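Asks: Sequence and predicted structure are below.
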Amino acid sequence: DRTLNIYLGRLYRRVGDYDKAILSLREFISVIESDASKGRRSQYDDFDKAAAHYNIACYHALKAVACAGRGQSPEEVERLKTEAYTELGIAIRLDDRVKAEALRDSDFGSIKSEHKFQQIVT
């Protein structure tokens, strides 16, 4: 269930556990893909997966900010940003309506001005 999984991710986010938020959404995507491979495809699969990938991108962007704030290596911060860009790109390929949302979303505040982000959303 899309709503349940998105809210589960948000609950993990609220307590600062971005890893669990990301893992729960990746599991949701895996279930959708498994069902589709068994012939149980829904007309909402791409929409649901786009929402999950979009939220994963948000959590990676937020995790990058948290890591930078804790003084973790610049390489780790860049790796997390790259994950955010990758996930956002997947979300947009599945449902390009998320471009407009990404431009307004404060979760991407730390990367909105970066060239890579602009490339993905324009």
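Replies: Ah, there it is. Numbers count the residues shown, from 1 in each chain.
Asks: Show me where this protein has its helices.
Replies: 2-14, 18-37, 45-69, 74-94, 98-104, 115-121 (DSSP state H).
Asks: what's the most buried one of those helices?
Replies: Comparing those by mean neighbour count (mean count of other CB atoms under 10 Å), helix 45-69 ranks first with a mean of 21. No exception for glycine: its C-beta is placed from N, CA and C like everyone else's.
Asks: what stretches of the protein score poorly on pLDDT?
Replies: 35-37, 39-44 (pLDDT under 70).
Asks: Please repeat the previous calculation with a cut-off of 90.
Replies: 1-7, 31-48, 122 (pLDDT under 90).
Asks: Check the gap between the closest residue to residue 112 other than its chain neighbours and residue 38 for me.
Replies: Closest residue in space to residue 112, ignoring its immediate chain neighbours: residue 103 at 7.5 Å, by CB to CB, 6 or more residues apart in numbering. Distance, residue 103 to residue 38, by CB to CB, to the nearest Å: 37 Å.
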